[in-house]
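1. Structure for this input, please:
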Amino acid sequence: MNFELTSAYQPTGDQPEAIAQLTEGVLQGVPAQTLLGVTGSGKTFTIANVVKNINKPTLILSHNKTLAAQLYSEFKSFFPNNAVEYYVSYYDYYQPEAYLPGSDTYIEKDLAINDEIDKLRLAATSALLSGRQDVLVVSSVSCIYGMGNPADFYSNVIDVEKGKAVNRNVFLRRLVDSLYVRNDIDLNRGNFRVKGDTVDIALA
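-> Numbers count the residues shown, from 1 in each chain. Okay, the predicted model is just below:
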């Protein structure tokens, strides 16, 4: 699927020339290009046009999570029919372990993970590994570390098709192998419950 840019506006002013030059630079393999413009001059719209022209999976890096969220929202509105994803750190709070020699105090590592951001990260990973060409991921520079081996992700994918017969016990074993937890009482994210031949799954 191609990137389909949706906007009520057309490029104006210096934008058409900037779009053409940036597109040509990317296609020719220019390693670095800079788009200059004041706030509100349509830089995101200009880049969206370049993304449409290049028509390849795209990574947008921001220097912080706040701007990444804004860019994600804008690109999502420009490409509503494409896979625009959000991949930032899922920690609401992170305190690394520490030792304070002055008071001989050890501080344990403490953290809080945001489930909604974790879901968005998983959606971004899934989109990238799906083979789609119309994937745009907005991320922050704090996420430039590896996310794991794609082969490990693929090995835990469970394909389910409507009308296809599956062995119940084998299916349940695959869920457990993929780190889902059976909980027949409280169905939360990452859990599944079984009632006879019915399996309810709260997707991770």
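2. For the residue most central in space within the chain, list the residues it contacts.
-> What sits nearest the mean C-alpha location of the chain, by Cα atoms, centre = their mean, is Ala124, with 2.7 Å. For Ala124, the contact set (Cβ atoms under 8 Å, 6 or more residues apart in numbering) comprises Glu85, Tyr86, Tyr87, Val137, Ser139. Where C-beta positions appear, they are placed from N, C-alpha and C, glycine not excepted.
3. Could you count how many residues lie near the fourth one?
-> It refers to Val137. For Val137, the count of nearby residues is 23 (other Cβ atoms under 10 Å).
4. From the chain's centroid, how far away is the helix or strand where it lies?
-> Under the criterion of DSSP states H and E, Val137 resides in strand 135-140. For strand 135-140, the gap between its own C-alpha mean and the chain's C-alpha mean amounts to 6 Å (Cα atoms, centre = their mean, to the nearest Å).
5. do stretch 98-112 as well
-> 33 Å.
6. That one - what's its average pLDDT?
-> Across stretch 98-112, pLDDT averages out at 88.
7. Okay, now it: how far is its last residue from its first?
-> Start-to-end span of stretch 98-112 (Cα to Cα, to the nearest Å) is 17 Å.
8. isn't Ser140 right up against Ala69?
-> No. Look at Ser140 against Ala69 with Cβ atoms under 8 Å: they stay out of range, at 9.3 Å.
9. on that earlier part again, return the distance of the residue nearest to the centre of the chain relative to Val194.
-> 30 Å (Cβ to Cβ, to the nearest Å).
10. which residues does Leu100 contact?
-> Leu100 neighbours (Cβ under 8 Å, 6+ apart): Tyr106, Ile107.
11. and with 7 Å instead?
-> Contacts of Leu100 were listed using Cβ atoms under 7 Å, 6 or more residues apart in numbering, and none were found.
12. For the one helix or strand Ile47 maps to, which outside residues touch it?
-> Secondary-structure assignment from DSSP H and E places Ile47 in helix 43-54. Residues outside helix 43-54 that contact it (Cβ under 7 Å, 6+ apart) are 3, 5, 7, 9, 11, 15, 18-19, 22-23, 26, 35, 37, 58, 71, 74-75, 78, 136.
13. Over to stretch 188-196?
-> Under Cβ under 7 Å, 6+ apart, the answer for stretch 188-196 is 115, 172, 175, 180-184, 187, 199-202, 204.
14. One more pass at 8 Å, please.
-> 115, 119, 172, 175, 179-185, 187, 199-204.
15. okay, and for the chain, where does confidence drop off?
-> 145-146 (pLDDT under 70).
16. can we see that at 80?
-> For the chain, applying pLDDT under 80 flags the ranges 91-94, 111, 113, 142-148, 204.
17. all helices of it, in order?
-> Per DSSP state H, the chain carries helices over the ranges 15-27, 43-54, 65-78, 115-129, 150-155, 168-177.
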